[in-house]
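**Q** Provided below for reference: sequence and predicted model.
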Amino acid sequence: MDNYPRLFIKAGLMYALLGAALGVTIAVDPSLAVRLRFVHIHVNLLGFMTMMVAGVAFHVLPRFSARKLPWPAGMKYQFIFQNTGLLGMVTLHAVGGWQGGLAHAAFVFFAILAGIAFAIMFYNLYFVLSAPEETPKPEKITGEMKVAEVLDHFPQALSLFLESGFQSLANPAARQTFAKVVSIDKACEKHSVNTTEFVEKLNREIFKTNSPSDNENTNLGREISRGEKCQADTWVGSLVKAYPTTKKVFESHYGEGCFSCPGQAFETVEQTASMHNVDPELILKEINNEIDKESNPS
Ligand code: HEM
Ligand code: HEM
């Protein structure tokens, strides 16, 4: 989990403790409500509830929608502004006299900070959910198409790009950035790849296995059942279903977040290895060792 989602959740939990302690205090001595009611309400709602929701949403929504937060650094500013705003407001309110003079100016300042924090949160969470513009699936690949356009519609083409010399596409950041603006023609020119041959290869491979029914099983890979060995083109999703203990091989090489990625099920073992710059042979050997261990427990 990233640093800021974790910090939001931890801070939220601290406010939950504080909010509950304040609630109990008011319950014991209701005369304290005059001073502490505002503090109790805002520590619970602006601190505990909002920060918990924000922390969980920052972790889950980008994975759920397979998009990056529109402004990741905004999480840091939101965290600072929301905590400062909240603590400033509740302190001034509890001390009293917040409705006049200098204390009021300070209260307004903290209220604005908290307000800005909400606006940043809105921006990040609202726009992470906006789906990319839907474009119809192309029936044929042409040299003028952008690299990312091909990969968006036909994720299985990634291995063809990688094996044809476009290694930089192994990096997801590259697929999100320059692949969106560079056409296949331009990319071939830059990497000294024969455009006509490459476009022909893409069309041949993509449309050979891609039935018009457009189901997911048209990826360039294969299923595996128990009793079989893993191959370079075995789908990761199918593998971990047949042999659950192989999951730890991927986690040891790619990190624990690996299985939260929505694309993993229909990526082949080889594709994941090249994406993570790991030798596919090494991964395959370790996976088959696990399969042997699972098949002959002794
Ligand atoms: C141990 C937990 C809690 C205790 C003992 C507690 C206690 C209280 C008490 C005694 C009041 C009345 C204050 C008054 O006289 O004006 C109150 C009000 C309030 N509490 Fe809590 N509370 C707890 C948790 C929470 C939580 C978790 C939330 C929100 C997530 C919350 C939200 C509120 C709100 C919004 C009010 C104001 C209600 C109104 O306007 O009538 N409380 N709480
Ligand atoms: C930008 C953030 C916020 C600011 C600047 C802010 C400010 C204020 C102010 C100035 C009051 C009036 C206090 C008084 O008259 O003593 C108030 C009351 C209240 N606020 Fe907020 N608030 C914020 C966020 C929230 C959120 C997120 C919630 C709930 C989800 C909330 C729930 C309430 C409630 C229930 C009251 C009534 C309290 C009472 O009955 O005494 N506020 N807020």
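**A** Thanks, I have the structure now. Ligands and ions are numbered 1, 2, ... in the order given.

**Q** Low-confidence stretches in the chain?
**A** Low-confidence segments of the chain (pLDDT under 70): 1, 66, 131-136, 209-220, 260-265, 277, 298.

**Q** For the lengthiest helix in it, name the packing helices and strands.
**A** Of all the elements of type helix in the chain, the one with the most residues (DSSP state H) is helix 101-128. Packing contacts for helix 101-128, counted by 3 or more Cβ pairs under 8 Å, 6 or more residues apart in numbering; DSSP states H and E, involve helix 50-64, helix 74-95. Heads up, the C-betas are built off the backbone N, CA and C, glycines and all.

**Q** could you dump those to a markdown table with distance to ligand 2 and mean neighbour count?
**A** Shown next, in a markdown table, are the helices and strands packed on helix 101-128 (distance: least, Cβ to the nearest ligand atom, whole Å; neighbours: other Cβ atoms under 10 Å):
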| stretch | distance to ligand 2 | mean neighbour count |
| --- | --- | --- |
| helix 50-64 | 6 | 19 |
| helix 74-95 | 6 | 19 |
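
**Q** Among the ones you listed, which comes closest to residue 274?
**A** The stretch from these with the least distance to residue 274 (Cβ to Cβ) is helix 50-64; that distance is 22.0 Å.

**Q** same for that closest one, what does it pack against?
**A** Packing partners of helix 50-64 (3+ Cβ pairs under 8 Å, 6+ apart): helix 3-28, helix 74-95, helix 101-128.

**Q** Just the C-alphas of that helix, formatted as CSV.
**A** The C-alpha trace of helix 50-64 is given here as CSV (Å, rounded to 0.1, in the frame of the first residue of the first chain):
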residue,chain,number,x,y,z
THR,A,50,-13.6,11.3,5.9
MET,A,51,-10.0,10.1,6.4
MET,A,52,-10.9,6.5,6.5
VAL,A,53,-13.0,6.8,3.3
ALA,A,54,-10.3,8.8,1.6
GLY,A,55,-7.5,6.4,2.5
VAL,A,56,-9.4,3.3,1.4
ALA,A,57,-10.6,5.0,-1.8
PHE,A,58,-7.1,6.2,-2.7
HIS,A,59,-5.9,2.6,-2.4
VAL,A,60,-8.9,0.9,-4.1
LEU,A,61,-10.3,3.2,-6.8
PRO,A,62,-7.1,3.5,-9.0
ARG,A,63,-6.9,-0.4,-9.0
PHE,A,64,-10.6,-0.8,-9.5
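
**Q** Measure how it sits relative to helix 3-28, angle-wise.
**A** 150 degrees (axes from the mean of the first three to the mean of the last three Cα atoms, to 10 degrees).

**Q** which residues are in contact with helix 50-64?
**A** With contacts defined as Cβ atoms under 8 Å, 6 or more residues apart in numbering, helix 50-64 is touched by 1-2, 4-9, 11-13, 15-16, 68-69, 75, 78, 82, 118, 121, 124-125, 128-129, 260-262.

**Q** tell me how far that helix is from the chain's mean position?
**A** Relative to the centre of its chain, helix 50-64 is centred 10 Å away, using Cα atoms, centre = their mean, to the nearest Å.

**Q** three-state assignment of residue 141?
**A** What DSSP: H, G, I helix; E, B strand; the rest coil gives for residue 141 is coil.

**Q** Many thanks, have a good one.
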